[in-house]
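**Student:** just a sequence and a predicted model for now, questions to come.
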Amino acid sequence: MTLLIIGLALFIGVHLVPSHPALRGGVTGAIGVNGYKIAFSLISAIGLVMAGMGYARTPEEQIFVPSETARLILPLAMAAAFVLMACAYAPGRLRRLLRHPMLASVLIWSVLHLLANGDLASNILFGTFALWSVFAILSAERRAQKLGGERVRPWADPIAAGAGLAAFAVVLYLHETLFGVSPI
């Protein structure tokens, strides 16, 4: 469980830096913008790998009875979450309308997986991501941070939806192999 917590601390910790402009400015001033991006990416990746390994190694201890409703709607909700994630990188209307589609995607993923599992490791992993995504949305709104520029490309939304659904299909197909649990 220690590996899970350290991994989450690294991942979430580095993702809190952008919410503090003075801290981000100090780091970019010290190591440059490219150095910041490289460090951010490396620390994020290391944190995710550690959290994943820690999650897999944590003994199962059930905290609450998993929600059958969450398990039932999880595949459909995850399809929507994958589309939202893809929309975060596409200059379409959905990205502008939703403002923070990546964070909404993480929130859907984390809350439904938390409710569908109910064990201690899931509470820690998915609960942390749910809290972080809510904090990040509120922080971005407080700073008036929005995704995208003024130009909207009408082809972006259908391409993002197709890419998101394709990625969802791959993860759905490989879920049991990757995570040891059949999603359906």
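**Tutor:** The structure has been received and is ready for your questions.
**Student:** which SSE is immediately downstream of the least confident helix or strand in the chain by mean pLDDT?
**Tutor:** Ranked by mean pLDDT, DSSP states H and E, the weakest helix or strand in the chain is helix 93-98, scoring a mean of 84. Downstream of helix 93-98, the next assigned helix or strand under DSSP states H and E is helix 101-117.
**Student:** and that next one, what does it pack onto?
**Tutor:** helix 68-87, helix 93-98, helix 120-142 (3 or more CB pairs under 8 Å, 6 or more residues apart in numbering; DSSP states H and E). C-beta: built from backbone N, CA, C; applies to glycine.
**Student:** could I get the ones you listed as TSV with distance to Leu107 and mean neighbour count?
**Tutor:** Output for these, formatted as TSV (distance: least, CB to CB, whole Å; neighbours: other CB atoms under 10 Å):
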stretch	distance to Leu107	mean neighbour count
helix 68-87	9	18
helix 93-98	12	17
helix 120-142	4	17
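**Student:** so which of those helices comes closest to Gly26?
**Tutor:** helix 120-142 (17.8 Å; CB to CB).
**Student:** spatially central residue in the chain, please.
**Tutor:** Val106 (3.6 Å; CA atoms, centre = their mean).
**Student:** contact partners for that residue?
**Tutor:** In this structure, Val106 makes contact with 81, 129-130, 132-133, judged by CB atoms under 8 Å, 6 or more residues apart in numbering.
**Student:** mind putting the helices and strands packed on helix 101-117 into a markdown table with distance to Arg57?
**Tutor:** Below are those laid out as a markdown table (distance: least, CB to CB, whole Å):
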| stretch | distance to Arg57 |
| --- | --- |
| helix 68-87 | 24 |
| helix 93-98 | 35 |
| helix 120-142 | 9 |
